[in-house]
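> Next input, structure requested:
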Amino acid sequence: MNTLRPSLFATALVALLAACVGGPPATPEAPSPSTAGVAPRIPEQVSSPAWEADMQRFEAADAQSPPPRGGVLFIGSSSIRFWDTLAQDFPGVPVINRGFGGSELRDSTWYADRIIVPYAPRQILIYAGDNDLNAGRTPQQLRADFIAFVERVRRDLPQAKIAYISNKPSPSRAQLLPAQREANTLIAAEAKRLGVDYIDIFTPMLDASGQPDESLFIEDRLHMNRAGYVIWQRAIAPYLE
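Residues are numbered from 1 along each chain as shown. Take a look at the predicted model:
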């Protein structure tokens with residue numbers, strides 16, 4: 001009959017005991033000279049890390065032509081990014097466009113130290129929210145994300161004025177209308193409490209039947225054509241400083 005040698009038997013016994021308590025004992029990794037004595041950094045949660053290329057694109061553009069400090073910063077998702085006539089629509093206003101398509105509200109908060117703080121803007125207008133709801137975030141979560149964004153901006157730029165551009169109603173996302181209405185209502189209330197401007201572009205983008213106005217969108221029924229941006233221009237202009 002085969003028998004285990006003492007060393008093999010001890011090893012097997014240790015493995016068996018470890019399994020009974022939930023797994024093998026961890027073997028501590030020897031710290032490298034560069035990290036010895038330094039507490040490990042716990043990564044923070046981010047909605048999507050896919051925007052690094054956009055951040056680098058912005059930084060390259062800034063290096064080539066630095067935007068004016070104290071300007072009016074537009075940030076958020078593709079509705080901002082595709083606003084090619086932003087400067088013409090608000091003549092005399094030193095606008096900066098830092099929209100990155102597909103982003104959520106949390107992304108602008110996460111990258112604030114790269115697309116907000118360095119410009120020291122006097123005013124920040126953000127459009128973000130319908131991507132978030134489309135990805136499954138609730139109106140209540142979006143409200144929390146909005147509060148976190150305001151808190152993040154005010155940490156470094158307490159004097160900057162902030163405006164939130166409401167969720168827009170898109171034909172391709174008509175199923176989100178109830179969630180958008182709820183989110184807009186919640187955020188409008190928080191904006192009032194926090195001293196933030198709330199700009200309603202939802203209502204003027206509905207047709208007579210209360211549905212998203214198809215005439216304001218390009219073929220994908222998600223992004224706006226010129227007529228859609230004219231509505232935004234008219235809604236936003238009274239809030240600009």
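> hang on, isn't Ser215 packed against Ala227?
Yes. Using Cβ atoms under 8 Å, Ser215 is in contact with Ala227, at 6.2 Å. Bear in mind the C-beta positions are built from the backbone N, C-alpha and C, glycine included.
> Now the element after the helix or strand bottoming out on mean pLDDT in the chain, going C-ward?
In the chain, the helix or strand scored least confidently by mean pLDDT, DSSP states H and E is helix 6-20, which has a mean of 41. Reading on from helix 6-20 to the C-terminus, the next helix or strand found by DSSP states H and E is helix 52-64.
> tell me the average confidence for that following helix?
When pLDDT is averaged along helix 52-64, the result is 94.
> next helix or strand past it?
Next along the chain after helix 52-64, taking DSSP H and E as the criterion, comes strand 72-76.
> Return the list of helices and strands in contact with that next one.
strand 95-99, helix 105-110, strand 123-127 (3 or more Cβ pairs under 8 Å, 6 or more residues apart in numbering; DSSP states H and E).
> run the last query once more with 6 Å
When contacts are defined as 3 or more Cβ pairs under 6 Å, 6 or more residues apart in numbering; DSSP states H and E, strand 72-76 sits against strand 95-99, strand 123-127.
> residues near Gly76, how many?
The local packing of Gly76 (other Cβ atoms under 10 Å) involves 27 other residues.
> oh sorry, the question was meant for Glu52
Neighbours of Glu52 (other Cβ under 10 Å): 11.
> Could you check how far it is from Arg114?
10 Å (Cβ to Cβ, to the nearest Å).
> Please apply the same query to Ala163.
Ala163 sits 21 Å away from Arg114, going by Cβ to Cβ.
> Could you do Asn131 as well?
Asn131 is 19 Å from Arg114, by Cβ to Cβ.
> Have a look at these two and say which one is more surrounded.
Asn131 (23 against 17).
> picking up where we left off before, and the helices and strands packed on strand 72-76 as JSON lines, adding mean neighbour count, mean pLDDT and distance to Glu59?
JSON lines is the format used below for the helices and strands packed on strand 72-76 (neighbours: other Cβ atoms under 10 Å; pLDDT from 0 to 100; distance: least, Cβ to Cβ, whole Å):
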{"stretch": "strand 95-99", "mean neighbour count": "21", "mean pLDDT": "97", "distance to Glu59": "11"}
{"stretch": "strand 123-127", "mean neighbour count": "25", "mean pLDDT": "98", "distance to Glu59": "19"}
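> would you turn the ones you listed into a markdown table with distance to Gly76?
Formatted as a markdown table, those follow (distance: least, Cβ to Cβ, whole Å):
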| stretch | distance to Gly76 |
| --- | --- |
| strand 95-99 | 5 |
| strand 123-127 | 4 |
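> among those, which is nearest Pro178?
Nearest of the helices and strands packed on strand 72-76 to Pro178, taken as Cβ to Cβ: strand 123-127 at 20.0 Å.
> Sheet-wise, list the partners of the closest one with their directions.
strand 72-76 (parallel), strand 161-165 (parallel) (DSSP bridges).
> where's whichever helix or strand comes after the first one relative to the chain centroid, distance-wise?
The helix or strand immediately downstream of strand 72-76 is helix 78-81, counting by DSSP H and E. Taking the mean C-alpha point of helix 78-81 and that of its whole chain, the gap between them comes to 12 Å (Cα atoms, centre = their mean, to the nearest Å).
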